[in-house]
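[1] Generate a structure from the sequence data that follows.
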Amino acid sequence: MVDFRRNVAILLALAVTVPLAACSGDAKPALSDPALAASAGPAAGPSSSAQPESTTAAGPATLSITPAAGKKNVPVSTEIGLEVGNGKVTSVKLTDAKGKAVAGKLRDDNSSWVPGKTLATKQTYTAEVTATADNGATTTSKTTFTTMGAPGRRTGTGLYLFDDHTYGVAMPVVVEFSPGIKKADRAAVQKRMFVETTPAQPGTWSWTSSGTAAFYRAPEYWSTGTTIKVRIAVGGLPTGKGIYGDKDRSATSKIGRKFEMKVDNKTKKMTVLQAGKVVKTMPVSLGKASTPSSSGAMVVMEKKAQTVFDTTDTDGASGYRTNIQYAQRLTWSGQYIHSAPWSTGAQGRTNVSHGCVNVSPSNARWLFDKTLVGDPVTVKGTGDKLDYGNGWTPWDVSWKKFAEGSALPVPADLG
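    Residues are numbered from 1 along each chain as shown. Down below sits the predicted model:
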């Protein structure tokens, strides 16, 4: 199979004919492109519940805030930095030049207050912060600053999560960057990528080696019924070498029932489980020796009731063009689960595909009607190992290995 990782801007199509290789279908599904986070505050982000602990010393609170008064050309992603002594922050008000308030929230560590939306370019803002000491005395500081103009160069971003969608329990939060984020800049970017789960479940971000993608997952699959609220607050954020994030992106989604597909090359069978119980077993045919299927932990990335696999552009006279039904994408390089009426005689007996998981038309339709994007699929026993990043692969490594890809410290006891 040939690797077909695509750029962020590729749009999702329901059934299109494009040149692809091996068992490939068509291009990457489109990334969500919601409006900027509402002024009511971040879709997900720093919590306002935690406050800094008060000291026992008497006297007024000390307070220092940033940006500095009169500062110009401030990035529109700026936060109100806070340093407090002998007290806690009890109020933050940010207003534009017309006096209109901007909502926001304190970070969990109370190091700053994050506006709930990207600030406007070339605008003057005033922040007024009040800290209250243990004895009730208050201290107030103000700062006025002006934001920069529109940047000349931007990092393109995309979020593979959509409002009001329900996903499978293995659905990672997937963010892509073009160009990729360099290692030195990833921590600053990651600090602006907020995920909130209800009920609360721990998790972390992990970057691919190229910096073109970051995945967020928990140590275990999400609990059924979880709500995931995400804000990728990188609009106007410096991303390295004079480049700035293109815009904020956000989504709120839910996690559905637990539904798993396990494919074993030794038995040539797929075992389907729901809520941990086997509900169906079906014969499969995997990739032949010259085009083996990849073994690894994958996720259903895209579903198409009908599409066309076309490899004539890359394989020439040896290529093929075939109508496909009930296709479910597993990798960017073109590994799918799909209906294969031409191989029903081989299913359960021998491998004849170009790398895909072939199933009968009736089984393909049954699966297609049951699955969600984000459902986990594992394939084992083939002669090829799944490449990390070839699809949504964060479950193909251990939690420890996954956490090593975070640009920020991950608590050692997490998971």
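
[2] so where's the protein shaky on pLDDT?
    Along the chain, the parts satisfying pLDDT under 70 run over 1-58, 311-319, 415.

[3] List the residues that contact the residue nearest the centre of it.
    The chain has Val174 as the residue nearest its centroid, 2.0 Å off, counting by C-alpha atoms, centre = their mean. Contacts of Val174 were listed using C-beta atoms under 8 Å, 6 or more residues apart in numbering, and they are 159-161, 213-216, 392. C-beta coordinates here come from the backbone N, C-alpha and C atoms, glycine included.

[4] what separates it from Asp185, distance-wise?
    Using C-beta to C-beta, to the nearest Å, one gets 19 Å for the distance from Val174 to Asp185.

[5] and if you look at Ser91?
    On the measure of C-beta to C-beta, Ser91 and Asp185 end up 33 Å apart.

[6] what about these two, which has more around it?
    Neighbours per residue, other C-beta atoms under 10 Å: of Ser91 and Asp185, the larger number sits with Asp185, 19 against 11.

[7] Apart from its chain neighbours, what residue comes closest to that one?
    Among residues not flanking Asp185 along the chain, Gly240 sits closest, at 3.9 Å (C-beta to C-beta, 6 or more residues apart in numbering).

[8] Return the backbone torsion pair for the one you found.
    Per-residue torsions, Gly240: phi 120, psi 140 (degrees, to the nearest 10).

[9] Could I get the contacting residues of it?
    So Gly240 contacts 181-182, 184-185 (C-beta under 8 Å, 6+ apart).

[10] Okay, and which of the residues you listed map to helices?
    The helices, defined by DSSP state H, take in 184-185 from these.

[11] Relative to Thr281, how far out is the residue nearest to the centre of the chain?
    31 Å.

[12] repeat for Arg231
    Separation of Arg231 from Thr281 (C-beta to C-beta) stands at 42 Å.

[13] So which of those two has more stuff around it?
    Arg231 (28 against 13).

[14] The more buried one reaches Phe194, doesn't it?
    Yes - in terms of C-beta atoms under 8 Å, Arg231 counts as a neighbour of Phe194; the distance is 4.6 Å.

[15] buried set for stretch 293-311?
    Within stretch 293-311, the residues scored as buried using 16 or more other C-beta atoms under 10 Å are 293-304, 307-311.

[16] Doesn't Arg391 lie inside a helix?
    For residue 391 the amino acid is Gly, not Arg. No - checked against DSSP: H, G, I helix; E, B strand; the rest coil, Gly391 lies outside a helix; its state is coil.

[17] residue contacts, it?
    Gly391 neighbours (C-beta under 8 Å, 6+ apart): 298-299, 301, 329-333, 335.

[18] what number of residues lie near the nearest residue to it once chain neighbours are set aside?
    What sits nearest to Gly391 in space, not counting adjacent residues and going by C-beta to C-beta, 6+ apart, is Thr331, at 4.0 Å. Counted by other C-beta under 10 Å, the residues lying close to Thr331 total 29.

[19] isn't there a strand covering Thr331?
    No - counting by three-state DSSP, Thr331 is located in no strand; its state is coil.

[20] pretty sure it is touching Met298, no?
    Yes - counting by C-beta under 8 Å, Thr331 does reach Met298; the two are 6.6 Å apart.

[21] what sits in contact with each of these two?
    Here Thr331 and Met298 share the contacting residues 386, 391, scored by C-beta under 8 Å, 6+ apart.

[22] Going along the chain, name the helices of the stretch 1-150 of the chain.
    Counting by DSSP state H, counting those that start in this stretch, the stretch 1-150 of the chain has no helices at all.

[23] Each with direction, which strands does the helix or strand where Val263 lies pair with?
    In the assignment (DSSP states H and E), Val263 maps to strand 259-264. Strand pairing for strand 259-264, using DSSP bridges, gives strand 269-274 (antiparallel), strand 376-380 (parallel).

[24] between those strands, which one is nearest to Thr121?
    Thr121 lies closest to strand 376-380 among the strands paired with strand 259-264, at 42.8 Å (C-beta to C-beta).

[25] now what about the closest one, what contacts it?
    By C-beta under 8 Å, 6+ apart, strand 376-380 touches 168-170, 221, 260-265, 286, 293-300, 330, 337, 357, 386, 395.

[26] export the contacts of Gly240 to TSV and tack on distance to Pro199?
    Shown next, in TSV, are the contacts of Gly240 (distance: C-beta to C-beta, whole Å):
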residue	distance to Pro199
Ile181	31
Lys182	36
Ala184	36
Asp185	33
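
[27] Just flag the most distant two among the contacts of Gly240.
    Greatest spacing in the contacts of Gly240, by C-beta to C-beta: Ile181 and Ala184 (9.1 Å).

[28] Which one's more surrounded, those two?
    Ile181 (28 against 10).

[29] Wait, that one touches Trp207, no?
    Yes - at 7.4 Å, Ile181 and Trp207 qualify as touching, with contact defined as C-beta under 8 Å.

[30] follow-up on the earlier one: farthest pair within the contacts of Gly391?
    Maximum pairwise distance in the contacts of Gly391, criterion C-beta to C-beta, is 14.5 Å, between Val299 and Ser333.

[31] Check the gap between Asp163 and Arg107 for me.
    On the measure of C-beta to C-beta, Asp163 and Arg107 end up 24 Å apart.

[32] Give me the more crowded residue out of these two.
    The neighbour count for Asp163 versus Arg107, taken as other C-beta under 10 Å, is higher for Arg107 (18 against 11).

[33] That one reaches Val114, doesn't it?
    Yes - here Arg107 reaches Val114: they are 6.3 Å apart, a contact under C-beta under 8 Å.

[34] Touching, Lys93 and Ala101? I think so.
    Yes - using C-beta under 8 Å, Lys93 makes contact with Ala101 at a distance of 6.5 Å.

[35] Those two: who's more crowded?
    Lys93 (16 against 10).

[36] What separation do you get for that one and Thr147?
    The gap separating Lys93 from Thr147 is 17 Å, by C-beta to C-beta.

[37] what does Val284 give?
    Val284 is 56 Å from Thr147, by C-beta to C-beta.

[38] Who has more neighbours out of these two?
    Neighbours of Val284 and Thr147, each counted by other C-beta under 10 Å, are more numerous for Val284; the result is 28 against 23.

[39] List the contacts of the more buried one.
    So Val284 contacts 263, 268-270, 347-348, 357-359 (C-beta under 8 Å, 6+ apart).

[40] who's Gln274 bridged to?
    Beta-bridge partners for Gln274, by DSSP bridges, are Phe259, Lys277.
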